[in-house]
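>>> Need the 3D shape of this:
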Amino acid sequence: MAFSSGSGGRQTFSEINITPLTDVFLVLLIIMILIAPLINQSSLKVEPPVAQHGKAEQQNKTITVEVSKEGIIAVNGVRVSDDKTQIERIQGLVSDAMKREFEKMGSKEIPVAVRADEESRQKYVVAVLDAAAGVGVKKLRIVTLQNAGR
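Just a heads-up that it's a prediction; the model follows:
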């Protein structure tokens, strides 16, 4: 591609204009910065009960099972049942989802944290606990909110 210079002679212009490329990368960076906080948000709205005593949950490697007040269950943010799923099927669905997560993480020593809404029915929480026992979970935690008065 040849461009003429002001001196009247023909001279080839071999430099690449990187301004449009830089603009595209900056737009992509801004999009990623805006989307990143949304990735770690939970898929279910769960309000755990408040505990008087207890330690804060560690967020390292943990499989989180959430139970909403409607009976919807999610394993690590992925829904495995809805409010119309039969209670008999829930245990199998949760067991399968936990097995997949253990295979991804490579160990059954990883703790399972159960986050149940304070208004959820006990039968759903018991189904999750039974599924965890059936898979061979070694560490199980029930997640609650910290008491603000401590």
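>>> Show me the helices in this protein, by range?
Ranges of helices in the chain, per DSSP state H, are 19-39, 87-105, 122-135.
>>> Could you tell me how far the last one lies from the centre of the chain?
Relative to the chain's own centre, helix 122-135 is displaced by 21 Å; criterion: CA atoms, centre = their mean, to the nearest Å.
>>> that older thread, among the helices of the chain, single out whichever gets nearest to Ser81.
Closest of those to Ser81 is helix 87-105, at 5.1 Å (criterion: CB to CB). C-beta: built from backbone N, CA, C; applies to glycine.
>>> least reliable of the helices of the chain going by mean pLDDT?
Lowest mean pLDDT of the helices of the chain: helix 87-105, a mean of 79.
>>> list the buried ones in that one?
Applying a neighbour-count criterion of 16 or more other CB atoms under 10 Å, one finds Ile90, Gln91, Leu93, Val94, Ser95, Ala97, Met98, Glu101, Phe102 buried in helix 87-105.
>>> Export these as a markdown table, with columns for distance to Lys69.
Output for the buried residues of helix 87-105, formatted as a markdown table (distance: CB to CB, whole Å):
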| residue | distance to Lys69 |
| --- | --- |
| Ile90 | 15 |
| Gln91 | 19 |
| Leu93 | 19 |
| Val94 | 17 |
| Ser95 | 23 |
| Ala97 | 20 |
| Met98 | 22 |
| Glu101 | 23 |
| Phe102 | 27 |
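>>> between these, which is closest to Met32?
Glu101 (25.5 Å).
>>> mind checking how far the residue nearest to that closest one when sequence neighbours are not counted is from Leu129?
Nearest residue to Glu101 in three dimensions, chain neighbours excluded: Ile63, at 4.8 Å (CB to CB, 6 or more residues apart in numbering). Ile63 is 13 Å from Leu129, where distance means CB to CB, to the nearest Å.
>>> higher neighbour count, these two?
Each of Ile63 and Leu129 has its neighbours counted (other CB atoms under 10 Å); Ile63 has more, 23 against 19.
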